[in-house]
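Asker: How does the following fold in three dimensions:
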Amino acid sequence: MNELHAALQGIGQPAFAAAADGRLQAGNDEGLALLSVDRAGADLDAAWQACLGGDGGARWRQGIAAAAAFGDGVRALKSLGRWVYRAAPVLAGGLWLVTLARESLDDGLDGQLIRMSLHAAVRAGRMGLWEWSPQTDDSLWSPELYDVYRLPRGSGIEPGARFLQMLHPDDVAKVDAAVAAAGAKGGIDPFVFRLYCGDGELRWFMTCAQAAHDPGKPFSRLVGVNVDVTDTVQAEERLEAARLERARQQQIMQAVMEHAPVGIAVALRGEERLAYVSRFGSDMIGATPEQGRRWEAWQLCPPDGRAELRREDLPLARACEGEIVSNEEWLLRLPDGALVPVSCSAGPIHDERGRVVGGTVVWYEVTAFKEAQRQRELLLAAVSHELRTPLSAIHGWAEVLRRSDDPGLRERGLNAIARNVQTQARLVDDLLDAARIAAGKLSLTLAPECLVRIARSAVDSVMPAAEAAQVTLQVDVADADLPVMADELRLRQALCNLLTNAVKFSRPGGLVELKLGGDGDVAQIEVADHGIGMAPEQLERVFEQFWQSGGAGARQDGLGLGLSIARHIVAGHGGSLLAYSPGVGLGSTFTLRLPRV
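Answerer: This is a model prediction of the structure:
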């Protein structure tokens, strides 16, 4: 037996030796393992008969009795699938050589299980099977393929054109390219396409296929599977849309944080450095973004400028403890030691469980707001004072005239009432013009005009006030022809404001000069006085609304709007208005320049 076993070992597949009556005598290692017996076992033939089964055993005995080579199928005990054997009486001593080879992975029992599992998988996976012949352009569709295409189940035989009619036009080229390459690649690699299903809905499918070849010919058919992946594609689209939206929101937030003209800072509880400080916030204290993340970089004082706040009292630190801070005003210390007023609002950051995990603060400088508030207070004070003064004078003279019949006194009273009415009208006009300028509604109607004529008209209008103040008005015209595009009424108003201002700040017996001339394409007017003059720092503010010089000898009447209105009118004419003074007590000069026509 050992010699027989050794001889069978040289065969490269499971092999056995059987006696003339059909009983197995020996086997190689592969054969013994297949029957689950060892070489020394005495029950090799019993294991073989068990593999053959009843009908298979009868056919085995019939083949042995015929004494000619034969073959049949057999199911091995320890290996899946269907096996076939070939038996031939070719060994010495009348022994039979029996060899086995695997025919397929499914046998009668396994095949049914596999087919049941495959159908269950197809139904559960929303997929369908298909086969297509390039020679006939006919297709075989599984029942499940009709279902996923949302079509009534048909015979299973469909023309290739039916699939193409359902295919989205933009995907035709993709499908054609995959089919064209199927022969060389041996099939179709997975890819997705769109179909208009039977209910009219456009859905996504994934396909893959294997090409079948007849010997010596191009591929004869494609066998594949189509899977409805619409839910997956839509989920991916939603995820992508959500990702893009998050990215967009992050970009918006980043832009806001980087460019918003307010300081923004974020802190997380338990961390020694701030999590984030906006560029504007860092710039406000002259720090880099990294330096601005240190708590000690932020120094706040109460509005009275007393001792700095402790870290735990800062609005951001309080927000990290859950407190909400709304519009608190503090003084922020700058690198040069200056204190600027800021308004702070802060609040906590919560996690998904509602726990406070940090805080954020927003602040902005309120210097401009403070200045606007101061200007409003100045306006109210000036208006109440300036409007009350002429009204008081009118009321006082009216009471005097009611009690007196003196003709001289009556003349004086009527003249005083007329002057104060004019003053009142001028004050109201200035307020209305300031309101129009603020609203952008001070309109100009430009037309060709003579600047010399407008200037002389302005001088005539201011002359009575100059005479009353004992101030001399002198006009010096270097060019009698100064044509300009102008709104006559508004430009005369601007000149009157300049002349009135010069008279007001001149001493009795003083001189106000108005010089007209031209320089190329520019017409120029200079209004110069020899009055109280201005310091350099006052020149920067002279055109501000409601600002008035506090110099010695200045008469504080009016609202401080005249020069501001004059500059706005001149700018509307495309010109410029500048102020100059060599110093306090040395007079002032205002230069008005306009384009010549």
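Asker: where are the low-confidence patches of the stretch 51-200 of the chain?
Answerer: Scanning the stretch 51-200 of the chain with the threshold set as pLDDT under 70 gives 75-82, 103-125.
Asker: Walking through it, point out its helices one by one.
Answerer: For the stretch 51-200 of the chain, applying DSSP state H, counting those that start in this stretch gives helices covering 108-124, 143-148, 160-166, 172-185.
Asker: and what of the stretch 251-400 of the chain?
Answerer: Ranges of helices in the stretch 251-400 of the chain, per DSSP H, counting those that start in this stretch, are 279-284, 315-320, 367-403.
Asker: Could you say which of those is packed most deeply?
Answerer: Mean neighbour count, computed with mean count of other CB atoms under 10 Å, is highest for helix 315-320 among the helices of the stretch 251-400 of the chain, reaching a mean of 23. Every C-beta, even on glycine, is put in place using the N, C-alpha and C of the backbone.
Asker: what's next to that helix, contact-wise?
Answerer: Residues outside helix 315-320 that contact it (CB atoms under 8 Å, 6 or more residues apart in numbering): 265, 267-269, 274, 298, 300, 311-312, 325, 328, 330, 344-348, 356, 358-361, 363.
Asker: Could you give me the ChimeraX syntax to select whichever of those residues are buried?
Answerer: Buried residues among the contacts of helix 315-320 (16 or more other CB atoms under 10 Å), as a ChimeraX selection:
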select :265,267,274,298,300,325,328,330,344,345,346,347,348,356,358,359,360,361,363
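Asker: Look up phi and psi at the nearest residue to Asp521 once chain neighbours are set aside.
Answerer: Once flanking residues are discounted, Asp521 sits nearest to Arg596: 5.3 Å by CB to CB, 6 or more residues apart in numbering. Reported as degrees, to the nearest 10, the phi and psi values for Arg596 are phi -80, psi 150.
Asker: what distance separates the helix or strand harbouring Gly413 from the centre of its chain?
Answerer: Gly413 is part of helix 407-439 when elements are defined by DSSP states H and E. Distance of helix 407-439 from the chain centroid (CA atoms, centre = their mean, to the nearest Å) equals 57 Å.
Asker: coming back round to it: ok, the residue nearest to Asp521 - contacts?
Answerer: 482-484, 518, 520-523.
Asker: How much space separates it from Ala416?
Answerer: The spacing between Arg596 and Ala416, counted by CB to CB, to the nearest Å, is 43 Å.
Asker: continuing past the helix holding Gly413, what's the next helix or strand?
Answerer: Following helix 407-439 in sequence order, the next helix or strand is strand 447-450 (DSSP H and E).
Asker: same question for stretch 399-412, mean pLDDT?
Answerer: Stretch 399-412 comes out with an average pLDDT of 83.
Asker: Send over it as PDB, restricted to the C-alpha atoms.
Answerer: Output of stretch 399-412 as PDB, limited to C-alpha atoms (Å, rounded to 0.1, in the frame of the first residue of the first chain):
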ATOM      1  CA  GLU A 399     -43.400 146.700  25.900                       C
ATOM      2  CA  VAL A 400     -41.600 150.000  25.700                       C
ATOM      3  CA  LEU A 401     -43.500 151.200  22.600                       C
ATOM      4  CA  ARG A 402     -46.800 150.100  24.300                       C
ATOM      5  CA  ARG A 403     -46.200 152.500  27.200                       C
ATOM      6  CA  SER A 404     -44.500 155.500  25.300                       C
ATOM      7  CA  ASP A 405     -45.700 158.000  22.700                       C
ATOM      8  CA  ASP A 406     -42.300 159.500  22.200                       C
ATOM      9  CA  PRO A 407     -41.700 159.700  18.400                       C
ATOM     10  CA  GLY A 408     -37.900 159.400  18.700                       C
ATOM     11  CA  LEU A 409     -38.200 156.400  21.000                       C
ATOM     12  CA  ARG A 410     -40.700 154.800  18.600                       C
ATOM     13  CA  GLU A 411     -38.300 155.200  15.700                       C
ATOM     14  CA  ARG A 412     -35.500 153.600  17.700                       C
END
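Asker: what's the pLDDT at the residue nearest to Asp521?
Answerer: At Arg596, the model reports a pLDDT of 91.
Asker: Tell me the bridge partners for it.
Answerer: Val484 (DSSP bridges).
Asker: residues in contact with the closest residue to Gly347 other than its chain neighbours?
Answerer: Of all residues not flanking Gly347 in the chain, Ile324 sits nearest, at 4.9 Å (CB to CB, 6+ apart). Ile324 sits next to 346-348 when contact means CB under 8 Å, 6+ apart.
Asker: Derive a ChimeraX selection command for the buried subset of the contacts of Arg596.
Answerer: ChimeraX command restricting these to the buried ones, with burial defined by 16+ other CB under 10 Å:
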select :482,484,518,523
